[in-house]
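Novice: Quick one, structure for this:
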Amino acid sequence: MRGSLSTEPSLGGTDVSRRITYRLAAILLLAVFLVGARPLLIPLVLAALLAFLVFPVVRTLTRRGLPPVFSILVAQGIATLPITALGLVFAANVGAFVQNLPEYQVLIQARLAAGINWGLAQVTSGPMRTALEQSVSETMLPELMQRGLSFAQGALQFVTATVVDIFLLLIINLFLLMEVRRLREKIVEAFGGQNALLSSLEAIGEDVRAYVVAKTAMSALTGLCVWLLLLLLDVDLAALWGLLAFPLNFIPTVGAILASLPPMAVAIIDPSLDTGRTVAVFVGLGIVNGVIGSFIDPRFVGRSVEISPLVVFISMLLWGFLWGPIGAILAVPIMVSVKVICSHVRGLEPIATLLKA
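Specialist: A predicted model of the protein is given here:
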């Protein structure tokens, strides 16, 4: 009797620890899969978002009597033309940036050297100052510039690879549009008209579409305002910085800050800009990002997302860690999909409630 009573807690504890171990192992395997399959999953997720966005065009044209094939081709053209135009403009401006990069490197090095020498003059003098200036100019500055140049080249390679992946995205999107036309019929035939999968897909399509449309409008407005501001202040490569602000604005919280850093750096090192215009660049970018990010964006995008800001921030960190900058951009649509799925699956409704704003 005593022996049997004493073994029950240990067996129960073993079962609990085994379940926890299995779940942790499953989470680890999922993370490994997400990282390993990143080159395939990222274009697939982006294509799915694009398909959700343009499928209403296919449905509308089909209902008006246009054959499904032509409806899909029209929708694909609507998705392809602006992406191609933005890609060509971006490629042209990136070429100009690469051409000016050596000049920027010289200007940055000169400004840094002047600033460091001024700082050294305030704290020391004589032979010690001369030795420190020599050390900075011969060792510290070249190493710092080399790291900065490597970072810029890496960022440029990432952007170039992303532009190349867009063509794969468009091909996948075409096949998804061809398949999604009959997806509802297949689900109804396989599972019946009333099922959680069908309602989840429809709800995901509506919520993700509302978010993507609202966020795209806000990002386009941000990019347009940044371009006009920098163009009026005669900042070099204003179109490039406006285009850069467009995708980075999809990253919650930090995207606008990251998009503002390059034009601010160019304004500081450009000798043709006086102090007044340099200050105007900083103030203007702060006003644009502050007004759009703090007032306009929450009013329109927040209503379409309805996810807790803490959840958005944590998901941005998680997906950014797994998939890099593209993961940070996709964090909100992924969490919107997770919230909708949980709200339609019995037993997972509490998770959807916790994810709400």
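Novice: Could you say which helix or strand holds the closest residue to Pro271 other than its chain neighbours?
Specialist: Excluding the flanking residues, the one nearest Pro271 by Cβ to Cβ, 6 or more residues apart in numbering is Leu107, at 7.1 Å. Where C-beta positions appear, they are placed from N, C-alpha and C, glycine not excepted. Using DSSP states H and E, Leu107 maps to helix 68-123.
Novice: Ranking helices and strands of the protein by mean pLDDT, which lands last?
Specialist: When each helix and strand of the chain is scored by mean pLDDT, DSSP states H and E, helix 126-135 comes last, with a mean of 62.
Novice: coming back round to it: dump the residue contacts of the residue nearest to Pro271.
Specialist: Neighbour list for Leu107: Ile269, Asp270, Pro271 [criterion: Cβ atoms under 8 Å, 6 or more residues apart in numbering].
Novice: Now the second one. Nearest residue, chain neighbours left out?
Specialist: Ranked by Cβ to Cβ, 6+ apart and with sequence neighbours excluded, the top spatial neighbour of Asp270 is Asp236, at 6.0 Å.
Novice: quick one, helices of this protein?
Specialist: Ranges of helices within the chain are 2-36, 38-63, 68-123, 126-135, 141-180, 183-191, 196-232, 238-248, 255-269, 275-291, 297-305, 309-323, 325-344, 349-355, based on DSSP state H.
Novice: hey, least reliable of these by pLDDT?
Specialist: Lowest mean pLDDT within the helices of the chain: helix 126-135, a mean of 62.
Novice: got the buried residues for stretch 308-325?
Specialist: Ser308, Val311, Val312, Ser315, Met316, Leu318, Trp319, Gly320, Leu322, Trp323, Pro325 (16 or more other Cβ atoms under 10 Å).
Novice: Let's see it as CSV, backbone CA atoms only.
Specialist: What follows is stretch 308-325 as a C-alpha-only set of coordinates in CSV (Å, rounded to 0.1, in the frame of the first residue of the first chain):
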residue,chain,number,x,y,z
SER,A,308,-1.6,44.1,-28.4
PRO,A,309,1.4,46.4,-29.0
LEU,A,310,3.4,44.2,-26.7
VAL,A,311,2.6,41.1,-28.8
VAL,A,312,3.5,43.1,-32.0
PHE,A,313,6.9,44.1,-30.5
ILE,A,314,7.7,40.6,-29.2
SER,A,315,6.7,39.0,-32.5
MET,A,316,8.8,41.5,-34.4
LEU,A,317,11.9,40.5,-32.3
LEU,A,318,11.1,36.8,-32.7
TRP,A,319,10.6,36.8,-36.4
GLY,A,320,13.4,39.3,-36.9
PHE,A,321,15.7,36.9,-35.1
LEU,A,322,14.5,34.0,-37.3
TRP,A,323,14.2,35.6,-40.7
GLY,A,324,16.0,38.9,-40.4
PRO,A,325,14.5,42.2,-41.6
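Novice: to the chain's geometric centre, what's the distance from it?
Specialist: The chain centre lies 10 Å from the centre of stretch 308-325; the measure is Cα atoms, centre = their mean, to the nearest Å.
Novice: How about stretch 311-328?
Specialist: Here the centre of stretch 311-328 is set off from its chain's centre by 8 Å, with Cα atoms, centre = their mean.
Novice: List the contacts of it.
Specialist: With Cβ under 8 Å, 6+ apart as the criterion, stretch 311-328 contacts 31, 34-35, 38, 41-42, 46, 158, 162, 251-255, 305, 330-332, 334-335, 355.
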